[in-house]
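Student: Sequence and predicted model, in that order:
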Amino acid sequence: MAKSRLVGGYPVIGIRPTIDGRRGALKVRESLEDQTMGMARAAKKLFEENLRYSNGEPVQVVIADTTIGRVAEAAACADKFRKAGVDVTLITDSMAASVMKKGWVDAVLVGCDRVAANGDAANKIGTMPLAIARRSSLSPTRITGAAPLSFARQA
């Protein structure tokens with residue numbers, strides 16, 4: 001068996017479920033809390049069930065304890081991630097261009113709603129600006145998710 005070239009430990013993925021931090025009469029934040037945390041848990045499950053380290057073990061994923069909408073929550077998340085040894089952070093689409101410009105992105109993973117017979121992927125909102133930002137940063141892109149296959153008619 002070949003000797004492992006790994007130095008140190010495997011990276012840990014951190015998920016920061018970021019949300020609009022405003023509270024008030026419209027209850028924007030409150031209306032999105034459960035849905036946002038649910039999406040974070042679904043992403044964690046997807047990663048742990050489908051991604052493996054080179055030794056065959058499932059990747060380790062850590063989720064912030066709460067949605068992040070204010071400085072105190074972000075600080076608590078950063079502390080938790082530091083203690084857990086998080087090396088990779090999953091962010092929202094709206095943060096992508098900024099962190100790509102800073103060179104902090106190694107790869108872009110996007111979901112999709114449909115995959116056409118020719119391999120093209122379709123999504124509703126958010127993917128195009130992400131693709132444009134990714135193009136200027138030269139980060140590799142991978143499409144993830146369990147999208148149904150749809151077949152286009154031949155003209």
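Tutor: Looks like it came in fine. In this text the structure is predicted, and so the values were computed from the model without any measurement. Numbers count the residues shown, from 1 in each chain.
Student: Report the mean confidence score over the longest helix that the chain contains.
Tutor: Using DSSP state H to define each element, the chain has its longest helix at helix 28-50. Helix 28-50 carries an average pLDDT of 85.
Student: tell me which residues of that helix are tucked away?
Tutor: Along helix 28-50, the positions that meet the burial threshold by neighbour count (16 or more other CB atoms under 10 Å) are 29, 32, 36-37, 40, 43-44, 46-47. To be clear about C-beta, it is placed using only N, CA and C from the backbone, and glycine gets the same treatment.
Student: Helices along the chain, start to end?
Tutor: In the chain, the helices defined using DSSP H lie at 28-50, 71-84, 93-101, 127-137.
Student: now the shortest one: mean pLDDT?
Tutor: When pLDDT is averaged over helix 93-101, the result is 74.
Student: What angle do helix 127-137 and it make with each other?
Tutor: Following axes from the mean of the first three to the mean of the last three CA atoms, to 10 degrees, one obtains 10 degrees for the angle between helix 93-101 and helix 127-137.
Student: Could you pull out the buried residues of stretch 70-89?
Tutor: By neighbour count, and taking 16+ other CB under 10 Å as the criterion, the buried residues in stretch 70-89 are 73, 77-78, 81, 86, 88-89.
Student: Reformat those residues into CSV and put distance to N118 and pLDDT next to each item.
Tutor: Supplementary listing: the buried residues of stretch 70-89 in CSV, determined by distance: CB to CB, whole Å; pLDDT from 0 to 100:
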residue, distance to N118, pLDDT
E73, 43, 83
C77, 40, 85
A78, 43, 84
F81, 40, 88
V86, 37, 86
V88, 31, 69
T89, 33, 71
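Student: Give me the distance from the longest helix of the chain to the chain's centre.
Tutor: Its chain's C-alpha centre lies 10 Å from the corresponding centre of helix 28-50 when counted by CA atoms, centre = their mean, to the nearest Å.
Student: tell me which strands and helices it is in contact with?
Tutor: For helix 28-50, the packing partners by 3 or more CB pairs under 8 Å, 6 or more residues apart in numbering; DSSP states H and E come out as strand 12-15, strand 60-63.
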